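Trainee: Give the three-dimensional model of this entry:
(one chain, ligands or ions: 1)
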Amino acid sequence: MLMRIGGKEVEGIDGNWIEVKNPATGEAIDRVPGGTDEDVSSAVDTALAASDAWAKKSMRERGMILFNAARVVREQHKDLARLLTLEQGKPIHESIDEVRGFANILEFYAGISAHSSGETIRLGAAGDCMVIKEPLGVCGAIIPWNMPVLIMGWKVGPALLAGNTLVLKPASTTPLTTLKLAGILDAAGVLPGSLNIVTGSGESVGSAIVRNPQIRKVSFTGDCLTGNKIREMAAGHIKDLTLELGGSDPMIVMDDADLDKAVDGAVRGRFYNAGQTCTAVKRLYVHENIASRFIKKLQARIDSLTVGNGLATKIDIGPMNSAGQREKISQIVEETRNDKNGTILTGGYALKGTAYEKGYFYRPTLVADASPDSRLFTSEIFGPVLPVMNFPDLDTAIRLANTTRYGLGASVWTKDLTTTKRVFDDLKAGIIWVNRHLTVPPEVPFGGMNESGIGRENGQHALDSYSHTKTLFLGW
Ligand code: NAD
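Mentor: Numbering: from 1, shown residues only. So this is what the prediction gives:
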């Protein structure tokens, strides 16, 4: 596939290509241009030229265009989901969820477009003020490979609705569905040049977006280390940054919890998308009164999970997205095994052999009794490995849960309101779920504390973050 600049498919200026592989088989499925600084400059110039016309449409008109695009995405969801599974690996039912989730985001922003309003401030004899929101201009978006479609929606929906134009870079391993969706948005009426997709590596295209002085805001989702590099690169310019970074979400199960529901929550929370989700359950803390019963049920559920090619039927877990991701996970589990720091209750190995072709499969893994300062608890485990630890009381659980440099999400599983209130007050996280984990609908502001990032996506918060405030002061 080619990249998209100015509503057209274009080749890269340098003539380089990046192969896109199917992580279930290791085979190349397509290729995209390996863009450079020059491609980014061309996309930014195009986005700048398109800015006025797109900003001058009413918010309602832009909302209708998003709504029309959402309708086409829903009509084509099966083909789009298939493409997403081919490039990302996730089971087809998860791809269908994600593609429909993208349509849902566009519909949400189309819905709130009817309520665009500002404020008036009356100052008596001094006059009156009218306060409105204006688009920022050209924005940049850099997205990861784990939820490429959903995260594209989180950025494209509010940025375009607010009247900005956009230059977006998908991850090198998952550019294809993004390019298809951009084509659908263009065909639905997004003005040519308002949404541009430049494919290529982070070091070339990503950093060129961050360094470009014409780009007023960069919204980045990815690893903490990359987020920090982006902050440094952006430091030379006055531009806004949203950084949606890594997480190591704790899940706390109290002894009054509905055990079956909590087991389901842990399995879905950890193993959805082969564990490659920013708000996955990455540390599980279980009250000691119920720990042995809970862990037995959990292990049985994990053992029943089927791993395989995401396009096959009845698959719970697809391959990891790349050989490199699988290697990172394998190393951490090997460290646990070699240091005898924890007991691997189930899993703990890469799946190979004919049934798994040359894909990047890893058996879902449960580890008990690892020490809280092992990498299993201190780093972000971005794969299907779940460490579990017992706790004696809520104070200890909260202390353990807060022992992290991250602060994205967290959950508590309980029927008790006092426990809920205590956890809500004392846990350091951007979103706290009760008897639930992972769900992030477009209405709900989403983002992290501490090293999990800066800023919020979704809801009115995201729309506001793609706008600046302008005041008209009337001295009568
Ligand atoms: P990554 O940081 O390696 O890559 C993310 C994007 O940044 C890719 O498009 C990549 O090409 C680009 N990039 C890489 N180096 C760059 C550079 N020097 N300059 C500019 N761009 C650069 O992250 P990843 O491995 O793709 O994604 C996984 C990470 O993303 C995990 O840490 C996960 O928790 C996090 N994540 C966070 C959220 C959230 O909303 N907080 C959501 C999803 C994923």
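Trainee: Contacts only, for Ala43.
Mentor: 5, 167, 196, 198 (C-beta atoms under 8 Å, 6 or more residues apart in numbering). From N, CA and C alone the C-beta is placed, and that goes for glycine too.
Trainee: I'd assumed the third one was in a strand, is it?
Mentor: If I follow you right, that is Asn196. Yes. Membership of Asn196 in a strand is supported by DSSP: H, G, I helix; E, B strand; the rest coil.
Trainee: what about the nearest residue in space to it that is not next to it in sequence, helix or strand, and which?
Mentor: What sits nearest to Asn196 in space, not counting adjacent residues and going by C-beta to C-beta, 6 or more residues apart in numbering, is Ala43, at 4.1 Å. Ala43 is part of helix 37-56, with elements assigned from DSSP states H and E.
Trainee: Which positions within that helix qualify as buried?
Mentor: Within helix 37-56, the residues that count as buried by 16 or more other C-beta atoms under 10 Å are 37, 39-48, 50-51, 54-55.
Trainee: out of the contacts of Ala43, who's nearest Asp303?
Mentor: Val198 (44.1 Å; C-beta to C-beta).
Trainee: Wait, that closest one touches Lys169, no?
Mentor: Yes. Checked against C-beta atoms under 8 Å, the pair Val198 and Lys169 is within contact range at 5.6 Å.
Trainee: any shared contact partners between these two?
Mentor: Common neighbours of Val198 and Lys169 (C-beta under 8 Å, 6+ apart) are 35, 205, 209.
Trainee: From Leu48, how far off is Ala162?
Mentor: Computed with C-beta to C-beta, to the nearest Å, the distance linking Ala162 and Leu48 is 16 Å.
Trainee: no wait, Gly275
Mentor: 40 Å.
Trainee: residues near Thr469, how many?
Mentor: 11 (other C-beta atoms under 10 Å).
Trainee: Show me what from the stretch 351-476 of the chain comes close to the ligand.
Mentor: For the stretch 351-476 of the chain, the residues in contact with the ligand (C-beta under 6 Å from any ligand atom) are 380, 382, 408, 448, 453.
Trainee: got TSV for these, with pLDDT too?
Mentor: Converted to TSV, these look like this (pLDDT from 0 to 100):
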residue	pLDDT
Glu380	96
Phe382	97
Leu408	98
Gly448	96
Gly453	96
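Trainee: got the residue ranges for the helices in the stretch 301-450 of the chain?
Mentor: Here the stretch 301-450 of the chain has its helices, by DSSP state H, counting those that start in this stretch, at 323-339, 375-378, 394-402, 417-426.
Trainee: Export those as TSV, with columns for mean pLDDT and mean neighbour count.
Mentor: Below are the helices of the stretch 301-450 of the chain laid out as TSV (pLDDT from 0 to 100; neighbours: other C-beta atoms under 10 Å):
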stretch	mean pLDDT	mean neighbour count
helix 323-339	95	16
helix 375-378	96	20
helix 394-402	98	18
helix 417-426	98	14
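Trainee: For Ile302, state which of the residues of the stretch 351-476 of the chain next to the ligand is nearest.
Mentor: Nearest to Ile302 among these, with distances taken as C-beta to C-beta, is Phe382, at 17.8 Å.
Trainee: And for the nearest residue to the closest one once chain neighbours are set aside, the neighbour number?
Mentor: Once flanking residues are discounted, Phe382 sits nearest to Gln276: 5.4 Å by C-beta to C-beta, 6+ apart. The local packing of Gln276 (other C-beta under 10 Å) involves 23 other residues.
Trainee: what sits up against stretch 206-217?
Mentor: So stretch 206-217 is contacted by 36-37, 40-41, 44-45, 48, 136-140, 142, 164, 167, 169, 198, 200, 218, 220, 226, 229-230, 233-234, 236-237, 239-242, 465-466 (C-beta under 8 Å, 6+ apart).
Trainee: Residues of the stretch 51-200 of the chain that sit close to the ligand?
Mentor: Checking the stretch 51-200 of the chain against the ligand by C-beta under 6 Å from any ligand atom, the hits are 142-147, 151, 169, 171-172.
Trainee: Mind doing that once more with 8 Å?
Mentor: Proximity of the stretch 51-200 of the chain to the ligand, by C-beta under 8 Å from any ligand atom, involves residues 142-147, 151, 154, 169-172.
Trainee: Show me which pair in those is furthest apart.
Mentor: Farthest pair in those (C-beta to C-beta) is Trp154 and Ser172. Separation: 19.7 Å.
Trainee: So for the two, which sits in the more crowded spot?
Mentor: Between Trp154 and Ser172, counting by other C-beta under 10 Å, Trp154 is the more crowded of the two (25 against 19).
Trainee: now the angle from whichever strand or helix holds the more buried one to helix 37-56?
Mentor: Secondary structure assignment for Trp154, by DSSP H and E: helix 148-161. Here helix 148-161 runs at an angle of 50 degrees relative to helix 37-56 (axes from the mean of the first three to the mean of the last three C-alpha atoms, to 10 degrees).
Trainee: next structured bit after helix 148-161?
Mentor: strand 165-169.
Trainee: Extract the CA atoms of the helix or strand following that following strand and return them as PDB.
Mentor: Once strand 165-169 ends, the next helix or strand along the chain (criterion: DSSP H and E) is helix 176-188. Taking Å, rounded to 0.1, in the frame of the first residue of the first chain, the C-alpha atoms of helix 176-188 are listed here in PDB:
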ATOM      1  CA  LEU A 176      -2.300  -1.200   6.600                       C
ATOM      2  CA  THR A 177      -5.700  -0.800   8.300                       C
ATOM      3  CA  THR A 178      -4.800   2.800   9.200                       C
ATOM      4  CA  LEU A 179      -4.200   3.600   5.500                       C
ATOM      5  CA  LYS A 180      -7.600   1.900   4.600                       C
ATOM      6  CA  LEU A 181      -9.400   3.900   7.300                       C
ATOM      7  CA  ALA A 182      -7.800   7.100   6.100                       C
ATOM      8  CA  GLY A 183      -9.100   6.400   2.600                       C
ATOM      9  CA  ILE A 184     -12.600   5.900   4.000                       C
ATOM     10  CA  LEU A 185     -12.400   9.200   5.900                       C
ATOM     11  CA  ASP A 186     -11.200  11.000   2.700                       C
ATOM     12  CA  ALA A 187     -14.000   9.500   0.700                       C
ATOM     13  CA  ALA A 188     -16.600  10.500   3.300                       C
END
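Trainee: Quick check: the gap between Gly118 and Pro392.
Mentor: Distance from Gly118 to Pro392, by C-beta to C-beta: 53 Å.
Trainee: okay, the two: which has more neighbours?
Mentor: Gly118 (13 against 10).
Trainee: List the residues that contact the more buried one.
Mentor: By C-beta under 8 Å, 6+ apart, Gly118 lies in contact with 130-133.
Trainee: go with 10 Å
Mentor: Contacts for Gly118 were tallied using C-beta atoms under 10 Å, 6 or more residues apart in numbering; they are 129-133, 469-472.
Trainee: Can you pull out the low-pLDDT segments for the stretch 101-250 of the chain?
Mentor: Within the stretch 101-250 of the chain, not a single segment meets pLDDT under 70.
Trainee: Val40 touches Gly200, doesn't it?
Mentor: Yes. Val40 is in contact with Gly200 according to C-beta atoms under 10 Å; the separation is 8.4 Å.
Trainee: Spatially, what comes nearest to Ile18 if we skip its sequence neighbours?
Mentor: Among residues not flanking Ile18 along the chain, Gly34 sits closest, at 4.7 Å (C-beta to C-beta, 6+ apart).
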